[in-house]
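> structure, please.
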Amino acid sequence: MAMKTQIWCFLLLCSASVAVGARMIAQEGGSACKNLNVKTVTYLSPPLTAKPGEANNKYFTAEYPKGHIGIRSVNADLVDQNGIAIPLFENYLHHWILLEVAVAKDHPERHLHHMMHRMRRHHKHGMHMDATMIAALEAPHHNKVGRFPNGKVRNFLGKGGETRHTDSRLPLPYVKESGVELEGYENRWILNVHGLDTRGAVDHIGCSECRCHLYNTTTDEDGEPLPDGYIGGLRCCTDGRQCAVKEGFNGEEITFHLRYTWEYIDWNECLVPVTNLGIDVTNPTGFGENLIEFTVDGCGDADPNSEECLDTRVAYLNAPEGGEVVYSVSHLHSSILDASIWGEDGRLICRTTPLYGNGHEAGNEKDYVVGIKNCIGNPGAPDSMKIKQGERLKYIVVSTKVGGPHTGLMGLAGIQFVSDGVKSAI
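The predicted structure is shown next:
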């Protein structure tokens, strides 16, 4: 995308806090409170730059609303230096992640830097750990991917290329609680932006699926050989890697930002905190070593509508807590057709289907997932969807093999629910 002269005024305003506003929203849940004052604030990430085909996977200290708050939603998109949305076929937003962390007060900046370094470069049991991996997990399970000395992961938010048309708003008065201070710690937020420039790419979808041969990659970022059979995924599109572009393509270096908007409420007695539960389809029996990604083989000349051209994966997870579902959605990549969560008795808890674009403009990019349908619960009602503690949940993700192999795919389900303990206290 051709870039114009930088508009410094726009950047200075947005990087501080643009579009700060507030509005009164009528009560939407069972709370006795009639109105809740929902505030909005928008920030820009620090600038990122990319040449045609270049991968960015950067970590920053994030801007965020201060104090004890309830987060209703955060959503984001990639924009150029003039604030214009960038289409996925020019810079594919693999993911953005916001992590709330508590860092020890003795040297908070040093501890924060150390946490970001470990997220970016740490390996454990042959498994790459980054912000996407942490975001796949429910908060109580974070220690399963490694402990952070002098730091704790407390909250996470994020999406991928579907961010523009996936509604992340929780029905009020339910919110994510943030900003609660722990003794000896102070709260900060970390922002991870993974964008893949595909201007002039030999294979736009292949670059966005991080196929190793297109990035001319045979080793990970530590110089270690890739595992046998690993043909695409996060290890091949790390920061600074270059995807193949067409011979003679001369695109200029661009500057871009992640623009992210918070909707939040200053904490009060009307708000009800939700609990997070995450399921990763690459772990059939819960959380294991090979998290996050999977590859779907091709099906050649077979009928695209036949069973031969479908890939079905199933994962199970025993719910660590029980409660009533407030919100649920999945993070899904292109080539995935359907994702659903089922209870132990066979009841459907949530079906989240991807929305594919059919145009050539930002937010409606043909063949890309531009949104994902969510599910909104109705806690307190007779027909509310409930999860029992210890219940064995089943997560099913169905993908197409047409045009495969498809690499670096993700099927991550997130459920927000009000736990039984919280419910009994309100």
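> CA only for contacts and neighbour counts going forward, please
OK.
> show the contacting residues for residue 53.
Residue 53 makes contact with 196, 197, 198, 199, 200, 201, 207, 242, 243, 244, 245 under the criterion C-alpha atoms under 8 Å, 6 or more residues apart in numbering.
> let's go with 7 Å and repeat that
Counting by C-alpha atoms under 7 Å, 6 or more residues apart in numbering, residue 53 touches 196, 197, 198, 199, 201, 242, 243, 244, 245.
> cool, and residue 262?
40, 41, 42, 73, 74, 75.
> pretty sure residue 60 is in a helix, no?
No - per DSSP: H, G, I helix; E, B strand; the rest coil, residue 60 lies outside any helix segment and is strand.
> residue 191 versus that one, what's the distance?
Applying C-alpha to C-alpha, to the nearest Å, the value for residue 60 to residue 191 is 5 Å.
> the two: who's more crowded?
Ranked by neighbour count (other C-alpha atoms under 10 Å), residue 60 and residue 191 place residue 191 first, with 22 against 16.
> helices or strands up against the helix or strand the more buried one falls within?
Under the criterion DSSP states H and E, the helix or strand holding residue 191 is strand 185-197. Judged by 3 or more C-alpha pairs under 7 Å, 6 or more residues apart in numbering; DSSP states H and E, strand 185-197 is in contact with strand 55-61, strand 91-104.
> quick one: average confidence on the longest one?
Just to be clear, that refers to strand 91-104. Averaging pLDDT along strand 91-104 gives 93.
> next: stretch 373-385.
92.
> in it, what counts as buried?
Neighbour-count burial for stretch 373-385, counted by 16 or more other C-alpha atoms under 10 Å, picks out 373, 374, 375, 376, 377, 378, 379, 385.
> with stretch 37-48 instead?
Neighbour-count burial for stretch 37-48 flags 38, 39, 40, 41, 42, 43, 44, 45, 46, 48 (criterion: 16+ other C-alpha under 10 Å).
> mind checking how far the closest residue to residue 197 other than its chain neighbours is from residue 212?
Using C-alpha to C-alpha, 6 or more residues apart in numbering and skipping the chain neighbours, the partner closest in space to residue 197 is residue 91 (4.1 Å). As judged by C-alpha to C-alpha, residue 91 and residue 212 stand 18 Å apart.
> also residue 34?
For residue 34, the distance to residue 212 equals 54 Å [C-alpha to C-alpha].
> so which residues of the stretch 1-150 of the chain form helices?
For the stretch 1-150 of the chain, the helices defined by DSSP state H, counting those that start in this stretch cover 8-17, 108-121, 131-135.
> which stretches of the stretch 301-426 of the chain have low pLDDT?
Within the stretch 301-426 of the chain, the ranges that satisfy pLDDT under 70 run 423-426.
> and the strands in it?
Remark: strands assigned in the stretch 301-426 of the chain by DSSP state E, counting those that start in this stretch are 310-318, 323-332, 336-342, 348-352, 354-356, 369-372, 375-376, 386-387, 392-400, 406-409, 411-419.
> okay, the angle between the second one and strand 411-419?
Right, the one you point to is strand 323-332. Relative orientation of strand 323-332 and strand 411-419, computed by axes from the mean of the first three to the mean of the last three C-alpha atoms, to 10 degrees: 160 degrees.
> which of the residues in strand 323-332 are buried?
323, 324, 325, 326, 327, 328, 329, 330, 331, 332.
> thinking again about what came up before, so which of the contacts of residue 53 is surrounded by the most neighbours?
The most crowded member of the contacts of residue 53, judged by other C-alpha under 10 Å, is residue 196 (33 neighbours).
> next one, pLDDT for that residue please.
If you check residue 196, the pLDDT there is 98.
> which residues touch it?
Contacts of residue 196 (C-alpha under 7 Å, 6+ apart): 53, 54, 55, 56, 91, 92, 93, 94, 208.
> who does it form a beta bridge with?
Counting by DSSP bridges, residue 196 forms beta bridges with residue 55, residue 92.
> and for residue 71?
Taking DSSP bridges, one obtains residue 176, residue 264 as the residues bridged to residue 71.
> what about residue 183, how many residues nearby?
9.
> if you could redo that for residue 387, that was the one I meant.
The number of residues packed around residue 387, counting by other C-alpha under 10 Å, is 23.
> test my guess that it contacts residue 326.
No - taking contacts as C-alpha atoms under 7 Å, residue 387 lies outside contact range of residue 326: 11.0 Å.
> gap between the nearest residue to residue 100 once chain neighbours are set aside and residue 82?
Nearest residue to residue 100, sequence neighbours excluded (C-alpha to C-alpha, 6+ apart): residue 189, at 4.4 Å. In this view, residue 189 and residue 82 are 25 Å apart by C-alpha to C-alpha.
> and if you look at residue 181?
From residue 181 over to residue 82 the distance is 37 Å, taken as C-alpha to C-alpha.
> and the two? Which one has more around it.
The residue with more neighbours, out of residue 181 and residue 82, is residue 82; 17 against 12, by other C-alpha under 10 Å.
> returning to that earlier point: thought the residue nearest to residue 100 was touching residue 97?
No - the criterion here is C-alpha under 7 Å, and residue 189 misses it with residue 97 at 10.0 Å.
> tell me which residues touch the closest residue to residue 309 other than its chain neighbours, please.
Closest residue to residue 309 apart from its sequence neighbours, by C-alpha to C-alpha, 6+ apart: residue 401 at 4.9 Å. Contact analysis of residue 401 by C-alpha under 7 Å, 6+ apart lists 296, 297, 298, 299, 309, 310, 311.
> low-confidence ranges in the stretch 51-200 of the chain?
Along the stretch 51-200 of the chain, the model assigns pLDDT under 70 to residues 121-149.
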